[in-house]
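[1] predicted model follows, preceded by the sequence.
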Amino acid sequence: MSSGRIAIDREADWPRLALQGFLALCMLVPVTLPVPVLRVLVHERFGVSEFETSLFMSINMLGAVLAAPLVGSFADRWGQRRTILLWALVLDALCFFLLMSPVPFPVFMGIRFIEGAAHITALSMLLSIASTSVSPDHRGRALGIVGAGLLLGVALGAPIGGMLGHTDPLRPLLAGGVLLVVTMAIAFAFLRDSDLREDPEEPVSGGLMRALRTEPRIVVPLLFAFADRFTVGFYTTTFSLFLSRVYGLGPQQIGLLIAAFMLPFAVLSYPFGILSEKTSRVGLLAVGSLLYGLGTASLVLWSPAQLPFVMAAIGISAAVMFVPTMVLTTEYASDELRSTALSAFNAAGSLGFIVGPVVGGLISQSFGSDEEWLAGYRAAFGVAGGFEIVLVFLALPFLRVGRK
């Protein structure tokens, strides 16, 4: 398998950016394909508890958290990001096919764990390639279009999975595996990488700790990555339970509200990526995070008729901060540790996504009751939004250093 590393023109061009965004979309669609058939796919198929069923959506994130920093460090030492990406996609596809097999539940979950590690490996390599395939002046639009692809993939996966799994719950897994094989073939044929090291044959002694010692500010975007996915965990679980329990909304209405949040988030990531090239990334991150935190904390105050507009506004605020967070991660990391930093960014986000639903459930259960669930949800979303807001003020002194 050829390395695909060539000397490329690092000015931004649409074909290259579009390819990277399309690959990101294809990588993320399989993540949410199984969501609509989760009960039949796991609970009824294996006869396990609700808790064990929910672990299906968490254990792959655990695999991502553990694998991402290690793979990023390895990529910085070896330099073969495209090769790692291609083999990770092959492993990811194989896991999807194996999940269809009649295996015991522990083996099933072990495959899911490996699938999460393979997925985050491929995604981290794509982000690293995207961040170095353009000049630093155009990094915002490169990560913006990849980010848009990621979010569109997440948004499209669930409805497609629902249609495919209507008669057979294994079809979403089959579709996910096939899509990953196709994605690998497209990446093999068209994706190219560049190595910015002076001597590509010389391994680099990398590691997250070295990156943190070299530039301590890198911890700030990692914290925001955790906080952002932490709150997304509230949206995927606590918010859905709130809408059904308090307002009596059905799955279709809940799905539309999530879409009202996700679509502006995805569509506006690229424009705000371009804006981040022309203005302060720190300012965009701070303003977007404050608005996002305030919107999240206020969710229980709005009526069902008002929520679509509120969710769209929250999605816009999320788009304001999303790309600048990734851009700051790449700016604070040296070229030799770019893959390590972006892998740590993904690991921090995956950890937030694991912790968010758990914290949301504990808080809403602790402060709510059969008679007054609204108080529990008010406390839960207050914690989620408040965490985002407090982080802005705690991190601001560090963000102001360098004024990027």
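    That came through fine. Computed from a predicted model, the values in this text were never measured in an experiment.

[2] in this protein, where is pLDDT below threshold?
    Residues of the chain that meet the criterion pLDDT under 70 lie in 1-12, 50, 194-214, 251, 369-371, 399-404.

[3] domain map for it?
    14-194, 207-404 (automatic domain parsing).

[4] so can I have TSV of those domains showing mean neighbour count?
    The C-beta positions use only the backbone N, C-alpha and C, and glycine is treated the same way. As requested, the domains of the chain are exported to TSV (neighbours: other CB atoms under 10 Å):
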stretch	mean neighbour count
domain 14-194	21
domain 207-404	20
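
[5] what ranges does the stretch 151-300 of the chain have for its helices?
    171-190, 208-214, 219-233, 239-246, 251-267, 269-278, 281-297 (DSSP state H, counting those that start in this stretch).

[6] now do the third one: everything it contacts.
    The contact list for helix 219-233 (CB atoms under 8 Å, 6 or more residues apart in numbering) reads 212, 285, 289, 292-293, 296, 318, 321-322, 325-326, 328-329, 332, 344-346, 348-360, 384-385, 387-388, 391, 395, 398-399.

[7] the same query, at a cut-off of 7 Å, please.
    Identification of contacts with helix 219-233 by CB atoms under 7 Å, 6 or more residues apart in numbering yields 212, 285, 289, 296, 325, 328-329, 344-345, 348-353, 355-357, 360, 384, 387-388, 391, 395, 398-399.

[8] if I look at Leu62, how far off is Cys95?
    Remark: distance between Leu62 and Cys95 (CB to CB, to the nearest Å) = 14 Å.

[9] I meant to write Ala384 there.
    From Ala384 to Cys95 the distance is 31 Å (CB to CB).

[10] how about the contacts made by Glu115?
    Contacts here follow CB under 7 Å, 6+ apart; on that basis Glu115 touches 60, 92, 95-96.

[11] returning to that earlier point: including distance to Thr340, could the helices of the stretch 151-300 of the chain go into TSV?
    Shown next, in TSV, are the helices of the stretch 151-300 of the chain (distance: least, CB to CB, whole Å):
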stretch	distance to Thr340
helix 171-190	21
helix 208-214	6
helix 219-233	11
helix 239-246	33
helix 251-267	27
helix 269-278	22
helix 281-297	20
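
[12] nearest to Trp14, of those helices?
    Trp14 lies closest to helix 269-278 among the helices of the stretch 151-300 of the chain, at 11.2 Å (CB to CB).

[13] pull the distance from the closest one to the chain's centre.
    Centroid separation for helix 269-278 versus its chain: 18 Å, with CA atoms, centre = their mean, to the nearest Å.

[14] same thing with stretch 117-133?
    On the basis of CA atoms, centre = their mean, stretch 117-133 sits 12 Å off its chain's mean C-alpha point.
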